[in-house]
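Peer 1: Return a 3D structure for these sequence lines:
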Amino acid sequence: MAILGTAIKTKRVGFKHSLRPEIFKRAPELLAVSVALAFAIAPMSSSAEEESDGPDPYLGDGHVDPGEDEAADLARAVQNPVANLISVPFQNNTNFDFGPRERTQNVLNIQPVIPVSLTDDWLLITRTIIPIVSQPSLFPGQDRKNGLGDILLTGFLSPSDQDLWIGGKVLWGVGPAILLPTATDSQIGPGELGAGPSAVFLAMPGQWVVGSLFSQIWSFTGDSDVDLFTWQYFVNYNLPDGWYLTSSPIITANWKNNAGDTWTVPFGGGFGRVFRVGSLPPINSSLTAFYNVENPSNVGPDWSLRFTLQFLFPR
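Peer 2: Below is the predicted model:
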C-alpha cells in the first residue's frame with residue numbers, strides 16, 4: 001500500500017478544475033468521519049468472533065501461523081499500514097500532463113517498513129519513503145531534473161492487543177512524520193526540514209480492509225514553503241488466491257497555495273495479488289490508475305498510473 005507518498009509542490013497561481021467540494025473546507029473533520037466509517041463497517045463481519053484476552057493473532061496481522069492461508073493473511077497485511085510485517089515496496093508513480101507544459105513526471109518511491117515490538121501489546125511501525133524523481137521541465141529552456149527528493153520518515157505507535165483497539169474493532173496508530181531536506185535539486189523538492197502529526201484508523205470486517213491515514217507537515221527551515229495536509233483513504237476487497245481489488249488515492253491540500261489551487265483530489269482504483277515465485281519471499285504486486293478531479297492549475301497532473309512491487313518478510 002501506498003502510505004504518505006506525496007509530491008510537495010511550491011506555491012502556484014491559477015485554477016484548472018472548479019469542483020472544490022464543501023467537505024474539503026472542513027479538513028479537521030475528516031479524521032472523525034473516518035473513525036465513524038470504520039465503526040459503521042466493522043459489524044459487517046459475518047463470523048461471531050471470540051473475545052480476545054490478549055494480543056491474539058488476527059487475519060492481516062503480518063504473522064503467518066500454521067494452518068493459515070498465507071496469501072489471504074499477507075494480502076490483508078499489505079493493506080494494513082500498522083501490520084507487524086517487514087516489507088520493502090517499490091512504488092512507481094507515472095504522472096501524465098504534469099506542469100504547465102503537460103509533460104510526464106515519474107516518481108519511484110522506495111518505502112521500507114520495519115515494525116518493532118516494544119512490548120507484548122504495543123508496536124512501533126517505522127515507514128520511510130525515499131523518492132527518486134524524474135521531473136520534466138516546467139518552462140522553455142529548463143532541463144528535466146533527475147534525482148533524490150525529500151525523504152519522509154513516519155513512526156506509528158499501534159496496539160497489537162485487540163482489547164486496546166477502538167471498540168475492539170478499529171485498529172489505530174499515531175506518531176510523528178518527519179520530512180528530511182534531502183532533495184538534490186530545488187525543482188525536485190523544497191529541501192526543507194519539517195515535521196507534524198500522523199494517524200491511521202482501519203477496520204477489517206470479512207473480506208474488507210478499509211480505513212484512512214492522515215498527516216500534516218510544516219517546515220521550519222529555509223523559506224518554510226511546506227504546509228501540507230495529506231489524507232489517504234483505502235478500500236480493499238479480498239478475493240481468493242491472494243487477489244484483491246483496491247482503491248487508495250492520496251488527497252493533498254497545500255495550504256501555501258491560493259484557495260483555488262489548494263487541493264489535489266484523485267479518484268480511481270485497480271487490482272493486485274500476493275504470490276510466490278519459487279523460493280523467493282512472498283511478493284505483492286498491484287496496478288492502479290487515478291484521475292485528478294481537482295488539482296492546482298499548471299502544476300498537478302491530469303491522471304496517474306501507480307505500479308507497486310513489494311517484497312514481504314513475514315515472521
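
Peer 1: Strands along the stretch 101-250 of the chain, start to end?
Peer 2: 103-110, 113-117, 122-135, 145-148, 151-159, 171-180, 194-203, 208-219, 227-238, 243-247, 250-254 (DSSP state E, counting those that start in this stretch).

Peer 1: What residues of the shortest one count as buried?
Peer 2: By neighbour count, and taking 16 or more other Cβ atoms under 10 Å as the criterion, the buried residues in strand 145-148 are 145, 147. Where C-beta positions appear, they are placed from N, C-alpha and C, glycine not excepted.

Peer 1: Describe which strands that strand pairs with in its sheet and in which direction.
Peer 2: Partner strands for strand 145-148, per DSSP bridges, with pairing direction: strand 122-135 (antiparallel).

Peer 1: what about the helices in this protein?
Peer 2: 30-41, 70-78 (DSSP state H).

Peer 1: per-residue confidence averaged over the first one?
Peer 2: For helix 30-41, the mean per-residue pLDDT is 46.

Peer 1: ditto for the last one
Peer 2: When the per-residue pLDDT values of helix 70-78 are averaged, the result is 92.

Peer 1: Contacts for it next, please.
Peer 2: 1, 59-64, 83, 85, 87, 204, 209, 236, 238, 241-244, 272-275, 282, 284, 310, 312, 314 (Cβ atoms under 8 Å, 6 or more residues apart in numbering).

Peer 1: at 7 Å instead, please
Peer 2: 1, 59-62, 64, 83, 85, 87, 204, 209, 238, 241-242, 244, 274, 282, 284, 310, 312, 314 (Cβ atoms under 7 Å, 6 or more residues apart in numbering).

Peer 1: Over to stretch 297-310?
Peer 2: By Cβ under 7 Å, 6+ apart, the list of residues contacting stretch 297-310 reads 2, 9, 12, 14-16, 78, 87-100, 105, 261, 264, 266, 283-292.

Peer 1: so how far is residue 70 from residue 161?
Peer 2: 24 Å (Cβ to Cβ, to the nearest Å).

Peer 1: picking up where we left off before, tell me which of the strands of the stretch 101-250 of the chain approaches residue 296 most closely.
Peer 2: Set against residue 296 and scored by Cβ to Cβ, the strands of the stretch 101-250 of the chain come closest in strand 250-254, at 7.2 Å.

Peer 1: who does the closest one pair up with?
Peer 2: strand 227-238 (antiparallel), strand 263-275 (antiparallel).

Peer 1: As JSON lines, those strands with mean neighbour count would be great.
Peer 2: Below are the strands paired with strand 250-254 laid out as JSON lines (neighbours: other Cβ atoms under 10 Å):
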{"stretch": "strand 227-238", "mean neighbour count": "21"}
{"stretch": "strand 263-275", "mean neighbour count": "20"}
